[in-house]
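Enquirer: My questions are about this predicted structure, shown below with the sequence.
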Amino acid sequence: MTRPIRKKVIAVVETAHLRRLIDLIKSCGVSGLTVIDGREGSGVTGDWVRDGVSEAVEMKIVHAVMTAETAERVFDKAAVFFERYPGIIYSHDVEVVRGERF
């Protein structure tokens, strides 16, 4: 059985900027997303652990599945967003069931 291919977009952002990112994603036509807590990680600024950090620097991870066209719109707007706010965004192809939902 052939399953539809969609884009899964994942973004990591500080909690303080989460609402702005969600609004950006939804403004591109994304119908659903999931936000989970970032527990620990490292990047260009070094290692971080959620324990003992304030909400201002706590990280959230946003997952959303969408068409390739919608992902292009998200990436276009996210390029400007991530010039101003810290974080990353990336995507990859995923197979889905009920592709009409995305």
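Expert: Alright, I've got the coordinates.

Enquirer: Which secondary structure element is home to residue 80?
Expert: helix 68-84 (DSSP states H and E).

Enquirer: Tell me the bridge partners for the residue nearest to residue 3 when sequence neighbours are not counted.
Expert: Closest residue in space to residue 3, ignoring its immediate chain neighbours: residue 95 at 4.1 Å, by Cβ to Cβ, 6 or more residues apart in numbering. C-beta coordinates here come from the backbone N, C-alpha and C atoms, glycine included. Beta bridges link residue 95 to residue 5 when assigned by DSSP bridges.

Enquirer: hang on, the earlier thing: residues contacting the helix holding residue 80, please?
Expert: Residues outside helix 68-84 that contact it (Cβ atoms under 8 Å, 6 or more residues apart in numbering): 6-7, 9, 11, 20-21, 24-25, 27-30, 64, 66, 88-89, 91.

Enquirer: Just the buried residues of it, please?
Expert: Buried residues in helix 68-84, counted by 16 or more other Cβ atoms under 10 Å: 70, 71, 73, 74, 75, 78, 81, 82.

Enquirer: C-alpha coordinates for that helix, CSV please?
Expert: What follows is helix 68-84, C-alpha atoms only, in CSV (Å, rounded to 0.1, in the frame of the first residue of the first chain):
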residue,chain,number,x,y,z
ALA,A,68,5.5,20.4,0.9
GLU,A,69,4.0,23.6,-0.3
THR,A,70,2.9,24.6,3.2
ALA,A,71,6.4,23.7,4.5
GLU,A,72,7.9,26.1,2.0
ARG,A,73,5.7,28.9,3.4
VAL,A,74,6.6,28.0,6.9
PHE,A,75,10.3,28.0,6.1
ASP,A,76,10.1,31.3,4.3
LYS,A,77,8.5,33.0,7.3
ALA,A,78,10.7,31.1,9.8
ALA,A,79,13.9,32.4,8.1
VAL,A,80,12.9,35.9,9.2
PHE,A,81,11.7,34.7,12.7
PHE,A,82,14.9,32.9,13.5
GLU,A,83,17.0,35.9,12.5
ARG,A,84,15.4,37.6,15.5
